[in-house]
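[1] Sequence below, structure please.
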Amino acid sequence: MKFFTSGATFESVLKKYFSFKNETLSLDPLAEFLEGIKKADFKDVLHFFRTNPEISENFKHYIHHVFSERPFNLSLTEANILSENAFIPEFKKRILNKLLPPVVNDKTVWFLIDNVSLRPKADLQYFQNLPENEIDEMFTILGINDFIISPAVKKEMVFSMNILSWRVTGAAMEVEVVRMAPEYRNFDNPFLALQNELEDLAEQLEKDPGIQLSSKDSRYKQIKIYIEQCLDFVNIAFKNSSKYGISGKINQSLLKIRQQLQRIYDIVQLLVIDKDEDVLINSKRLIFNVLNYKSHKNNISDLINDSTRLISHLITNHTAETGVHYITSTRKQYMTMFYKASGGGIIVGALCILKMLYGYVPGSDFFHAFLYSMNYAMGFIMIYLMSFTLATKQPAMTAATMTKVLSEEGNGERNNADFAQLVSKLFRSQFIAFVGNVLLSFPIALIIIYGLDVFFSQNLAVERSDKLLQDLDPFKSKAILHASIAGFYLFISGIISGNIGNNSVFYQIPERIAKNIPIRKFFGKNIAISLSKYYAKNWPGIVSNFWFGVFLGATAPIGLFFGLDLDIRHITFAAGNFAIGLYGKDFSVDAYTFWISFITVFLIGFFNFLVSFTLSMFLAFRSRKLNLGQVSDIYREIFKYFLKNPLKFFLPLGSRLDHKAEELMNRKMTTKSEDQ
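    Numbering: from 1, shown residues only. Reported below is the predicted structural model:
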């Protein structure tokens, strides 16, 4: 096709090419005509055809000549349908196809569409926006108003359905796919039944090309029933993913099966003719469907949305169950959170001193990255296993819990009010966790550095104090950026936890441990079962805390190696570093340094929370397909609740009735998580 920016009108194009009976198979006349009519009023185009019957007839002949014997099954069986069974290969393939379109058979409609229109989506929208009567007249002029009943077209459509059916059946018979829907094991397989029905229809069409389906035809009804049963199989498999887990490959396979089933349904609907006007309607619909499929064939955003939504749902489903335990309702839970956060603060205070000491060890940047990473990772795992709390680990868990409640209860005003109350409980839970972490990490770091000073008769914090205090000045350092980086890592660690939890369920790791013969023989049945339960309960948390520690420990040394000002700031470590900095200065700092450092500690905590919680909420909202248009109403309700009850965002205040209601809501949330 010529890439032209011709200013030619549609009249000049038609007169140039179709003043005579043109037998050319070149696509340039059609491409130039399409460009020309988009610059004109379509009524003028129709008027020209009416007043120039010879040109109209020649153009009609050209259209039929160009399209004759061009199969279009590829446009029905391939376009806008996943071609790979895994996300990464499909993603790479679509990127390549966008940059370098694939070579296709030039005798197909697929090739024709690709080479006539440079902007298929915009061209499709242009025709769809035209008045119905004008499109109808154009189809009549071109003699394509009844091609849907052509034996050749029907044969091509039935052949396309058979291709899709064979592919669907093969994919649905995969062992891992069948495992996702055990409810169908005792029933006749609907995929095989659909395949048999479509093959019978193809045989009948071969014997009698004049066969026409209607909505009352038993063959159509049977095909429709089998398609619905197959789609039900897919829906059950997706629903069971919360119970059995799911891999990226199975997720992609189920998406592909659903797309192919929907395509079969779309095609068979076009073969149904109940009234005379259905012939024209279905002829138009087929053309528009083909153009629509082709315009989305390499759509990357659709691929990402479809492929990642279920996985993000499973990840947030796991973190939602954990998040229930991070939101306090009663005074007792509030104080328990404080004690757990205090325990976390004690460990972090010690980690701050260890990191400072590791800094004195000679070695390369990567050696220090390893030391810092192991220091953080082992400390975080210790906090987790001892059931202590690191405050900023909560947002990634609690965001999923809150979104789960919102999606399951609905989006009414009453639910928004309940959600605002839940936000107040979350906020005060975060607040007391911050307080517990900071109140203990600061004095513990001081006590340890003082003990080292007494033991070694040397203030080990002197050399580090200037740097530590400067890092707590947002005007002299990138403290806010580094706090945001830590917030991003907190979000990633939540994803890791959810993904490990999903994989554990999908690959049945706990069951494998419990029933592993060598483990049972060597340790005994009871220990095997105990190991299984321990793995199921703790392994996702251990892995996520390990990698969170690696991310925090490696960022600064790797940034230094590449000459980038990268680092992390975490509220609990900032409090410990503040203590070390003050001790290194023998507490002789000016008022500005003291107060800016003090304020920045809590500012760092705010950005840790903000980034982690915002990203987690975005993932949770997206995974549950909530209407983001409702977000402003939710925020408004939260603000109103804050104005009425500001202290409830910091303290567990309220009447006994309020506490009973909160306990009931908390119990309800816990029950929902256990039911998943």
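
[2] Can you give me the neighbour number for residue 441?
    If you count neighbours by other Cβ atoms under 10 Å, residue 441 ends up with 31. C-beta: built from backbone N, CA, C; applies to glycine.

[3] repeat for residue 545
    With other Cβ under 10 Å as criterion, residue 545 counts 25.

[4] Nearest residue to it in space, please, no chain neighbours.
    With Cβ to Cβ, 6 or more residues apart in numbering as the criterion, residue 545 has its nearest non-adjacent residue at 3.9 Å, and that residue is residue 380.

[5] And the one you found, how far from residue 265?
    Look at residue 380 and residue 265: by Cβ to Cβ, to the nearest Å, they are 50 Å apart.

[6] neighbour count winner among those two?
    Between residue 380 and residue 265, residue 380 has the larger neighbour count (other Cβ under 10 Å), namely 28 against 16.

[7] and the residue nearest to residue 545, what does it touch?
    By Cβ atoms under 8 Å, 6 or more residues apart in numbering, the contact set of residue 380 is 390, 545, 546, 548, 549.

[8] so which helix or strand takes in the closest residue to residue 544 other than its chain neighbours?
    Excluding its sequence neighbours, the residue lying closest to residue 544 (Cβ to Cβ, 6+ apart) is residue 497, at 3.6 Å. Under the criterion of DSSP states H and E, residue 497 resides in helix 479-506.

[9] Show the average pLDDT along that helix.
    The average pLDDT within helix 479-506 is 87.

[10] list the buried ones in the helix or strand just after that helix?
    Next along the chain after helix 479-506, taking DSSP H and E as the criterion, comes helix 509-514. For helix 509-514, a neighbour-count test (16 or more other Cβ atoms under 10 Å) marks 509, 510, 513, 514 as buried.

[11] What is helix 509-514 packed up against?
    With contacts taken as 3 or more Cβ pairs under 8 Å, 6 or more residues apart in numbering; DSSP states H and E, helix 509-514 sits against helix 525-561.

[12] how far off helix 479-506 does the helix it packs on point, in degrees?
    Angle, helix 525-561 to helix 479-506, by axes from the mean of the first three to the mean of the last three Cα atoms, to 10 degrees: 150 degrees.

[13] Helix 525-561 packs against which elements?
    Checking 3+ Cβ pairs under 8 Å, 6+ apart, helix 525-561 ends up next to helix 365-385, helix 479-506, helix 509-514, helix 517-523.

[14] can we see that at 10 Å?
    helix 300-323, helix 331-359, helix 365-385, helix 479-506, helix 509-514, helix 517-523 (3 or more Cβ pairs under 10 Å, 6 or more residues apart in numbering; DSSP states H and E).

[15] Which stretch among the ones you listed is buried most, on average?
    Most buried of the helices and strands packed on helix 525-561, by mean neighbour count (mean count of other Cβ atoms under 10 Å): helix 479-506, with a mean of 22.

[16] What is the least confident helix or strand in the protein?
    Lowest by mean pLDDT, DSSP states H and E among the helices and strands of the chain is helix 656-675, with a mean of 48.

[17] Regarding residue 107, what is its secondary structure?
    Under DSSP: H, G, I helix; E, B strand; the rest coil, the three-state class of residue 107 is coil.

[18] Tell me the buried residues in the host helix or strand of residue 616?
    Secondary structure from DSSP H and E places residue 616 in helix 591-623. Buried residues in helix 591-623, counted by 16+ other Cβ under 10 Å: 593, 596-597, 600-601, 603-605, 607-609, 611-613, 615-617, 619-623.

[19] And stretch 14-25, by the same measure?
    14, 17, 18, 22.

[20] tell me the pLDDT at the nearest residue to the third one once chain neighbours are set aside?
    In this case it means residue 18. Nearest non-adjacent residue to residue 18, counting by Cβ to Cβ, 6+ apart: residue 58, 4.1 Å away. pLDDT recorded at residue 58 is 92.

[21] For residue 42, see how far away residue 58 is.
    Distance of residue 58 to residue 42, computed by Cβ to Cβ: 20 Å.

[22] try residue 497
    For residue 497, the distance to residue 42 - Cβ to Cβ - is 57 Å.

[23] Residue 425 against residue 648, yeah?
    Yes - between residue 425 and residue 648 there is a contact at 8.2 Å, judged by Cβ atoms under 10 Å.

[24] Backbone dihedrals for residue 272, please?
    phi -90, psi 120 (degrees, to the nearest 10).

[25] That one: neighbour count?
    Number of residues near residue 272 (other Cβ under 10 Å) recorded here: 16.

[26] same thing with residue 569?
    Using other Cβ under 10 Å as the criterion, the residues surrounding residue 569 number 29.

[27] does it really touch residue 602, like I thought?
    No - assessed by Cβ under 10 Å, residue 569 is found out of contact with residue 602, at 11.7 Å.

[28] Quick check: end-to-end length of stretch 380-392?
    End-to-end distance for stretch 380-392, by Cα to Cα, to the nearest Å: 12 Å.

[29] err, stretch 516-527, not the other one
    OK, stretch 516-527 end separation, Cα to Cα: 11 Å.

[30] Using CSV, list the CA coordinates for stretch 60-79.
    Output of stretch 60-79 as CSV, limited to C-alpha atoms (Å, rounded to 0.1, in the frame of the first residue of the first chain):
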residue,chain,number,x,y,z
LYS,A,60,-19.1,-2.6,-6.6
HIS,A,61,-17.4,-4.9,-9.1
TYR,A,62,-14.0,-3.9,-7.7
ILE,A,63,-15.0,-4.5,-4.1
HIS,A,64,-16.3,-8.0,-4.9
HIS,A,65,-13.3,-8.7,-7.1
VAL,A,66,-10.8,-7.7,-4.4
PHE,A,67,-12.6,-9.6,-1.6
SER,A,68,-13.4,-12.7,-3.6
GLU,A,69,-11.7,-15.9,-2.6
ARG,A,70,-10.0,-14.2,0.4
PRO,A,71,-10.6,-16.3,3.5
PHE,A,72,-11.4,-14.3,6.6
ASN,A,73,-11.2,-17.1,9.2
LEU,A,74,-7.9,-15.7,10.6
SER,A,75,-9.7,-12.5,11.5
LEU,A,76,-12.2,-14.5,13.6
THR,A,77,-9.9,-17.1,15.1
GLU,A,78,-6.7,-15.1,15.8
ALA,A,79,-7.4,-11.4,16.1
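
[31] Buried ones in that stretch, by neighbour count?
    So stretch 60-79, judged by 16+ other Cβ under 10 Å, has buried residues 60, 62-63, 66, 71-79.

[32] repeat for stretch 452-464
    The neighbour-count check on stretch 452-464 (16+ other Cβ under 10 Å) flags 452, 459, 460, 461, 464 as buried.

[33] One more: stretch 198-217?
    Buried residues in stretch 198-217, defined by neighbour count with 16+ other Cβ under 10 Å: 198, 201, 205, 211, 213, 217.

[34] my read: the fifth one touches residue 273, true?
    Yes - using Cβ under 10 Å, residue 213 makes contact with residue 273 at a distance of 7.1 Å.

[35] Report the separation between residue 260 and residue 551.
    For residue 260, the distance to residue 551 (Cβ to Cβ) stands at 40 Å.

[36] repeat for residue 283
    In terms of Cβ to Cβ, residue 283 sits 58 Å off from residue 551.
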